[in-house]
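Trainee: sequence unknown, structure follows:
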Ligand code: PBG
């Protein structure tokens with residue numbers, strides 16, 4: 001409970017009168033240690049391919065991703081989360097490329113770890129970049145299959161961990177996948193691989209620019225509402241998190257970010273585990289579009305939104321703004 005004198009004994013503005021006192025009373029800190037840099041890789045020779053809805057967050061070649069890892073080290077960003085744009089010719093109904101040890105993701109992970117071994121590399125575990133229907137799991141007769149999908153996701157996670165990924169991050173929202181992945185990692189002797197579970201991931205309009213970036217927007221049939229959560233729900237998020245914690249998740253992720261800070265707060269309070277949020281592509285696009293019109297100041301918007309995540313209880317934020325934020329926080 002907060003106690004306060006009455007006005008004029010209490011004048012809250014006294015504590016805001018100058019920068020030095022504002023700094024002294026600041027409750028929330030944001031440092032480069034709170035950043036995970038989200039980036040998309042592609043398999044072509046072009047160093048960077050722009051994504052229309054995500055200005056500045058280009059698709060990077062494997063070589064450019066390795067340079068990004070060096071840049072992350074220089075900027076003090078602890079980790080990079082990598083997402084693939086897969087050549088449409090390589091996509092199939094089963095997403096077979098997802099578990100290819102010589103595929104784009106594994107080659108990108110190796111290149112980044114070779115270039116900057118000190119930087120943590122996180123990979124997405126889900127089939128959507130690899131399937132010709134754009135879903136995160138296998139589909140039969142229009143239904144997303146749970147257990148069959150989990151078996152594929154387990155193969156994908158083990159292959160990625162063997163390639164050197166430090167964190168595997170299942171973003172598919174199938175039931176039971178964290179436990180299955182954890183068991184397979186232990187079985188393979190990959191006892192140090194971290195699992196960051198996209199524990200509370202909502203079926204959201206804010207993923208559209210990402211689906212353009214990874215090339216799944218044009219192929220996706222239907223929506224993801226039978227596996228991603230209903231945005232009207234909050235107790236359900238706690239049940240999802242409880243299952244993933246029991247199954248062996250080391251770190252928890254809430255997604256999308258800014259519109260879901262109430263979920264972050266509940267998850268952090270209930271579980272007190274390392275908790276993250278994803279400032280997703282649509283959130284990035286909104287800020288970028290407003291700034292391109294001169295309606296917002298980008299640097300101020302970046303720092304304010306990242307502080308909001310921290311205030312809500314996030315230990316860190318997965319964000320396409322990470323390099324800019326790290327530079328500002330230098
Ligand atoms: C899918 C996945 C998505 C994102 C990361 N992994 C989108 C989706 O569920 O369709 C979104 C990231 C973003 O919007 O920035 N496995």
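Mentor: Sure, I can see it. Nothing here was measured: the structure is a model prediction, and the numbers come from that model. Numbers count the residues shown, from 1 in each chain.
Trainee: average pLDDT for stretch 196-207?
Mentor: Stretch 196-207 carries an average pLDDT of 97.
Trainee: Which parts of that stretch count as buried, going by neighbours?
Mentor: Neighbour counts using 16 or more other Cβ atoms under 10 Å place 196-202, 204, 206-207 of stretch 196-207 among the buried residues. All C-beta spots, glycine's among them, are computed from the backbone N, C-alpha and C.
Trainee: try stretch 207-226
Mentor: The neighbour-count check on stretch 207-226 (16+ other Cβ under 10 Å) flags 207, 209-216, 224 as buried.
Trainee: in the protein, what spans have low per-residue confidence?
Mentor: 1 (pLDDT under 70).
Trainee: just so I have it, where are all the helices in the stretch 151-300 of the chain?
Mentor: Assigned by DSSP state H, counting those that start in this stretch, the stretch 151-300 of the chain shows helices spanning 177-187, 208-213, 235-247, 261-271, 281-292, 298-312.
Trainee: tell me what the last one is packed against?
Mentor: Just to be clear, that refers to helix 298-312. Where contact means 3 or more Cβ pairs under 8 Å, 6 or more residues apart in numbering; DSSP states H and E, helix 298-312 is packed against helix 261-271, strand 275-279, helix 281-292, strand 316-319, helix 322-329.
Trainee: For the residue lying closest to residue 277 once chain neighbours are set aside, list the residues it contacts.
Mentor: Excluding the flanking residues, the one nearest residue 277 by Cβ to Cβ, 6 or more residues apart in numbering is residue 257, at 4.2 Å. Contacts for residue 257 (Cβ atoms under 8 Å, 6 or more residues apart in numbering) come out as 277-280, 283, 305, 309, 317, 319.
Trainee: ok, which residues in the chain are in contact with the ligand?
Mentor: 124, 126, 128, 136, 171-172, 207, 210-211, 224, 280-281 (Cβ under 6 Å from any ligand atom).
Trainee: can you rerun that using 8 Å?
Mentor: Neighbours of the ligand within the chain, by Cβ under 8 Å from any ligand atom: 38, 83, 124, 126-129, 134, 136, 171-172, 198, 201, 204, 206-211, 213-214, 216, 220, 224, 228, 255-256, 278-284, 320.
Trainee: Go through stretch 233-240 and flag the buried ones.
Mentor: Residues 237-238, 240 are the ones in stretch 233-240 that count as buried (16+ other Cβ under 10 Å).
Trainee: now the residues you listed as CSV including distance to residue 268?
Mentor: As requested, the buried residues of stretch 233-240 are arranged in CSV below (distance: Cβ to Cβ, whole Å):
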residue, distance to residue 268
237, 12
238, 11
240, 15
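Trainee: right, and out of these, which lies closest to residue 87?
Mentor: Using Cβ to Cβ, residue 240 comes nearest to residue 87 of those, at 33.1 Å.
Trainee: OK, contacts around the closest one?
Mentor: 199-200, 229.
Trainee: State the distance from it to residue 202.
Mentor: 10 Å (Cβ to Cβ, to the nearest Å).
Trainee: now residue 231
Mentor: Distance of residue 231 to residue 202, computed by Cβ to Cβ: 5 Å.
Trainee: do the same with residue 244
Mentor: Distance of residue 244 to residue 202, computed by Cβ to Cβ: 15 Å.
Trainee: and if you look at residue 13?
Mentor: 39 Å.
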